[in-house]
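>>> one predicted model, sequence on top.
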Amino acid sequence: MSIAGGVDLAIPRGQSVGCEVIQIFTKSSNQWAARALADDEVQRFRAAQKDGAPKVVAGHTSYLINLGSPDETLHRRSLDAFVVEMQRAERLGLRHLIFHPGAHTGSGEEAGLLRIAQALDEAQARTPGFKLVVLLENAAGQGSTLGGKFEHLAEILSRVSDSKRLGVCLDTCHAHAAGYDLRTHEGYEAVMESLDRTVGLPRVRAFHLNDCLKGVGSKLDRHWHIGKGMLGLEPFRLLMNDSRFDGLPGFLETPKDEECAEDRINLAVLRSLVGDPARKAVPTQIQEVL
């Protein structure tokens, strides 16, 4: 949800489309600089969470941050910006802060993963006592981006000293693009077995629920509307009814306009799949809107 006009306004925007949970940027996603959070803005934000849904609010870090960069200047700037994002999220009382692990930009996977883990160690040392849980998001695997393999996430988690402050956010579009085929029941179970074997399913704390415009293994991160892309409805039906993930938040990152009409449609599609053990079709009225 947009934070235009103040972070506190994201909550009523989420309420207006029927969200139970929302994800926000605590600052501009494409700028290094961050406007200071005003005390009254923080108070309004915290008060709005107590008034009703959405109850779970997660933050997402800036796209500029690259903790895996071998360039010392960019790495240090990214680390400092990451700590600022953690501080803002903690002040707002967010439960989770989701981030893209980064890219090695030519230094190699092992060097990049080590650099990310070391950066997280320092970030945690600079934020003692924080309740915030930072979530590594799996990537589509394009170029030198890290996180396209579940093994990358497992490696980072294993190297960080205090991994209790870390978890994973699984993005369905990214997994599909990276080559994890979720489109059938057998494929879905195989992907979840792989995730459990490497990361561990208890590490999964949230989901990004996005269809994908491109084919499985394309390495291209192109989000699309639920059931209208290359994933189709089946992976989402399986996920929405997977008791292993009961109670975990799922966030839409699908395209939308300022009115968020597409959010209402995508939410309705997902909710129509809940309690659906027999591949029930999406209700006709929703199909007509789609």
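That came through fine.

>>> now residue 26: how far from residue 238?
32 Å (Cβ to Cβ, to the nearest Å). Bear in mind the C-beta positions are built from the backbone N, C-alpha and C, glycine included.

>>> give me the more crowded residue out of these two.
Per other Cβ atoms under 10 Å, whichever of residue 26 and residue 238 has more neighbours is residue 26, with 26 against 20.

>>> where does the residue nearest to the more buried one when sequence neighbours are not counted land in three-state SS?
Closest residue in space to residue 26, ignoring its immediate chain neighbours: residue 88 at 4.2 Å, by Cβ to Cβ, 6 or more residues apart in numbering. Following DSSP: H, G, I helix; E, B strand; the rest coil, the label given to residue 88 is helix.

>>> pull up the gap between residue 88 and residue 135, please.
With distances taken as Cβ to Cβ, residue 88 is found 16 Å from residue 135.

>>> any stretches of this structure with poor pLDDT?
Residues of the chain meeting the criterion pLDDT under 70: 276-290.

>>> all strands of it, in order?
According to DSSP state E, the chain carries its strands in the segments 21-24, 56-60, 96-99, 102-103, 133-137, 145-146, 166-171, 204-209, 211-212, 223-224, 250-252.

>>> in TSV, list these along with distance to residue 186 and mean neighbour count.
Below are these laid out as TSV (distance: least, Cβ to Cβ, whole Å; neighbours: other Cβ atoms under 10 Å):
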stretch	distance to residue 186	mean neighbour count
strand 21-24	30	22
strand 56-60	31	24
strand 96-99	29	22
strand 102-103	32	24
strand 133-137	25	22
strand 145-146	28	24
strand 166-171	18	25
strand 204-209	20	22
strand 211-212	19	24
strand 223-224	23	19
strand 250-252	23	23
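
>>> export these to CSV and tack on distance to residue 11?
Formatted as CSV, the strands of the chain follow (distance: least, Cβ to Cβ, whole Å):
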stretch, distance to residue 11
strand 21-24, 7
strand 56-60, 7
strand 96-99, 16
strand 102-103, 30
strand 133-137, 20
strand 145-146, 32
strand 166-171, 20
strand 204-209, 18
strand 211-212, 26
strand 223-224, 23
strand 250-252, 14
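
>>> understood, closing this out.
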